[in-house]
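**Q** 3D, please:
(chains A and B)
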Amino acid sequence: MTIPPQETAVLTRERPRGAAVARAGPRHLTIGVAIVVALLLPLLTTSFVTFQLTLVMIYGLAILGLNLLTGFNGQFSLGHSAFYGIGAYTAAILMDQGELAYYWTLPCAGVLCFAVGFLFGLPALRLQGLYLALATFALATAMPQILKFHPLEPLTGGVQGIAILKPDPPPGVPLSADQWLYYFTLAVLLVMFGGAANLVKSRTGRAIMAIRDHPLAAAAMGINTALYKTLTFGVSALYTGVAGALGAIAVQFVAPDSFTFLLSVSLLVGLVIGGVASIPGCLVGGLFVLFVPNIAESISRGLAGAVYGVILLLVIYVMPSGAAGLARILTARLASIRSIRTEGRST
Amino acid sequence: MKRITRRSILAAAPSALVLTAVPARAEKQYGPGVSDTEIKIGNTGPYSGPASSYGTIPKSMAAYYKMVNDQGGVNGRKINFMSYDDAYSPPKTVEQVRRLVEQDGVLLVAASLGTPTNSAIWNYMNQKKVPQLFVSTGATKWDDPKHHPWTMGWQPNYQSEGRVYAAYIVEHKPDGKIGVLYQNDDFGKDYLKGLKDGLGDKAKSMVVIEAAYETTDPTVDSQIIGMKAAGCDVFVNTGIPKFAAQAIRKAAEIEWKPLHILSSVGTSVAATLKPAGLENAKDLVTDFYIKDPTDPQWQDDQGYKDWLAFMDKYYPEGDKTDAGNVYGPSVSQTVVQVLKQCGDELTRDNVMRQAANLHDFTVPMLLPGIKINTSPSDFAPVKQIQMARFDGERWRLFGPLISGSVTG
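**A** Okay, here's the model as predicted:
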């Protein structure tokens, strides 16, 4: 029997259990191929491109953090630049003043951001939709000024920011600093993406999504919505904070002006482009955040902003459900074509 | 000696013309981004983002290099000015500068704009040993040849301006009570620090009010009223044009007439004083190092006329009242001078050597008498400024050129 492509698209979205098992093979294969390609890339490109790809992964990770909150839990945030900034500053301060090794700064940034996100999630419980967006917007606007705040200056370096040194690869590893950082970031990324995928598939993940889809029904089914919402806020901040710490290490510099409200908007754009509630889509979002402004500038310097807007509109028009949605439709079409062919052959 | 004999022998040979070219070429030394026909110069600037009003500075630089190229280039080489947008975001600056250095292979990066943005690439440039010449920011820290021998500032820094104000106040109002209005960021705080350093021990007793504003504030009225109420009789106004104008207008409204010092960022007649009301701006004191293009006193000045001709031909869409369009070409002129001095030894080492070897170099759109001097221990090219007083119509320069150099 053939299923019309539109219906397959709907079906795969809500993926029944049987289909998930059937698709596990090619899906794992895709992930495996992607990892191998990712491992080979820095050996084939220049150190500058390696650096850019490192940034793509970092933005992808930050977008994943936002996606856990917005895509999976349905809470809006315009304040993720603040969490990214807290993560970045944690790493920079610990490396600069605490003389901590760079890899230890990631868990520190994660824990701190989780705590801040969790605490911010408490009042956010009372706020829905647009009001939450406004509250988090306030956080984003406040962050650069808090970082410049005079009493904090000995710690944050005030407006001058903090410069840190790029970590060298461990002795005996024949890689450049850029390549090493790329692989380090890739490892962190894989762990955290895997973690997110597991979280989403688990009982907890279903509870998180149930709250998004119907908060009242979720509560009626015995889900502690308040707890899950604040926890999601915390985990989301953790992801973005770790990304911020990696960002600080890669860029080797933090300053209040790096973490303005515009960063939040970029992350949100990346989220929508990649696909709401899609984990691999976050990387597409990262690619968009990093490369599209450059493409826009190369087309027209004077109108870079306008070109960026046009590209954004085109992308939204072509793939209204983001890269993930496009991929879903394409695989569904492919599958239906294949099934038509096999059917044709058997008759 | 050796070369001469060799050359003279070769000259006697039949293929003299071809062969003499060989030792001549061997004398040329090229770093990255240089060929017989081209020199690549990198730059980043805020073409988009919150500081995009400064985007005209790199645009005017590109226009200036185009003029240089049309006139034959520098020692026969055309300048390829590669400028990218960093949206005033430090991480983006790192990415764009790495693109310039690693992918485009520029000889040097010149006049990149912004303090946080240049701070982000400060270590990178010095580790990579790529000249970061004449950064477009007035922060004080760029003059640090010992620790950052590949970075050099250009304009007089804000701290040294603050010191000059302090000296002026001590001379004219030794018992004054000072109120300071400053922007709550690096540039505002640099002014404040310079002023306090200049006042020395007196700073504690003389500076009565330090009022900060944020660029997002609607007005600075309350700060001004507070200063009058506190009995201040000296007002150091370091606001950017919008806030400087508000402060001048408010002071006139509440009939507060202190010794009013306006910092150089707010001196534009068109952008600050006209909106504030020219009659309210009478007797304001400030300092200058660049010729204000809106000031009629330069109308017959040759440097101004040349600049106007340049703007008309190469950057007609640029705003001729914007001092940024004076700044860009003036910095670029200094870059061109460095390249000229480099001759055929266009290596990164030699670029820094020559940048630290400028002697009495004059730029037509800097105030008459200002000379650019650098040395291996002095990385602050423009050091001199001159005080000026507003007579209700235009700024009148007075007093001698003052050198207020502060090392970072």
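**Q** quick one: the strands in the stretch 1-150 of chain B?
**A** When secondary structure is read from DSSP state E, counting those that start in this stretch, the stretch 1-150 of chain B shows strands at B:29-30, B:38-45, B:78-85, B:108-110, B:132-133.
**Q** Now the element after the last one, going C-ward?
**A** Right, the one you point to is strand B:132-133. Towards the C-terminus, the helix or strand next in line after strand B:132-133, according to DSSP states H and E, is helix B:158-172.
**Q** helices or strands next to that following helix in the packing?
**A** Secondary structure elements in contact with helix B:158-172, counted by 3 or more C-beta pairs under 8 Å, 6 or more residues apart in numbering or on different chains; DSSP states H and E, are helix B:186-199, strand B:234-237, strand B:259-262, strand B:285-288, strand B:384-390. No exception for glycine: its C-beta is placed from N, CA and C like everyone else's.
**Q** if we look at the third one, which residues are touching it?
**A** Where contact means C-beta atoms under 8 Å, 6 or more residues apart in numbering or on different chains, the residues beyond strand B:259-262 that reach it are B:165, B:168-169, B:172-173, B:176, B:233-237, B:244, B:248, B:251, B:272, B:283-286.
**Q** change it to 7 Å
**A** Strand B:259-262 is touched from outside by B:165, B:172-173, B:176, B:233-237, B:244, B:251, B:284-286, with contacts defined as C-beta atoms under 7 Å, 6 or more residues apart in numbering or on different chains.
**Q** how about the residues of chain A near chain B?
**A** By the rule C-beta under 7 Å from any C-beta of the partner chain, the part of chain A lying against chain B is A:46-48, A:51-52, A:55, A:148, A:159-161, A:163, A:247, A:251-253, A:255, A:257-258, A:262, A:297, A:301, A:304-305.
**Q** list the helices and strands the helix with the most length in chain B packs on?
**A** Secondary structure assigned by DSSP state H gives helix B:324-342 as the longest helix of chain B. Using 3 or more C-beta pairs under 7 Å, 6 or more residues apart in numbering or on different chains; DSSP states H and E as the contact criterion, the neighbours of helix B:324-342 among helices and strands are helix B:56-70, helix B:302-314, helix B:348-355.
**Q** For burial, what's the neighbour tally of the residue in the stretch 101-250 of chain A positioned nearest to chain B?
**A** Across the stretch 101-250 of chain A, the shortest distance to chain B (C-beta to the nearest C-beta) belongs to residue A:159, at 3.8 Å. The number of residues packed around residue A:159, counting by other C-beta atoms under 10 Å in any protein chain shown, is 23.
**Q** and if you look at the one 4 residues further on?
**A** Other residues near residue A:163 come to 19 when the count uses other C-beta under 10 Å.
**Q** Ramachandran coordinates for it?
**A** In this entry, residue A:163 is assigned phi and psi values of phi -100, psi 140 (degrees, to the nearest 10).
**Q** Present the helices and strands packed on helix B:324-342 as a markdown table; the columns should include mean neighbour count, mean pLDDT and distance to residue B:125.
**A** Supplementary listing: these in a markdown table, determined by neighbours: other C-beta atoms under 10 Å in any protein chain shown; pLDDT from 0 to 100; distance: least, C-beta to C-beta, whole Å:
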| stretch | mean neighbour count | mean pLDDT | distance to residue B:125 |
| --- | --- | --- | --- |
| helix B:56-70 | 21 | 95 | 18 |
| helix B:302-314 | 15 | 95 | 29 |
| helix B:348-355 | 20 | 95 | 10 |
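**Q** how about those helices, which one is nearest residue B:219?
**A** For the helices and strands packed on helix B:324-342, the distance to residue B:219 is smallest for helix B:56-70, at 26.7 Å, taking C-beta to C-beta.
**Q** For the closest one, output the C-alpha coordinates as PDB.
**A** The C-alpha coordinates for helix B:56-70 follow below in PDB (Å, rounded to 0.1, in the frame of the first residue of the first chain):
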ATOM      1  CA  THR B  56      31.200  55.800   7.300                       C
ATOM      2  CA  ILE B  57      34.800  55.900   8.600                       C
ATOM      3  CA  PRO B  58      35.900  52.700   6.800                       C
ATOM      4  CA  LYS B  59      33.900  53.700   3.800                       C
ATOM      5  CA  SER B  60      35.800  57.000   3.600                       C
ATOM      6  CA  MET B  61      39.000  55.000   4.000                       C
ATOM      7  CA  ALA B  62      38.100  52.800   1.000                       C
ATOM      8  CA  ALA B  63      37.400  56.000  -1.000                       C
ATOM      9  CA  TYR B  64      40.700  57.500   0.000                       C
ATOM     10  CA  TYR B  65      42.700  54.400  -1.100                       C
ATOM     11  CA  LYS B  66      40.800  54.400  -4.400                       C
ATOM     12  CA  MET B  67      42.100  58.000  -4.900                       C
ATOM     13  CA  VAL B  68      45.600  56.900  -4.000                       C
ATOM     14  CA  ASN B  69      45.400  54.000  -6.500                       C
ATOM     15  CA  ASP B  70      44.100  56.400  -9.200                       C
END
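**Q** counting contacts, what elements does that helix pack onto?
**A** Using 3+ C-beta pairs under 7 Å, 6+ apart as the contact definition, the elements that helix B:56-70 packs against are strand B:38-45, strand B:78-85, helix B:302-314, helix B:324-342.
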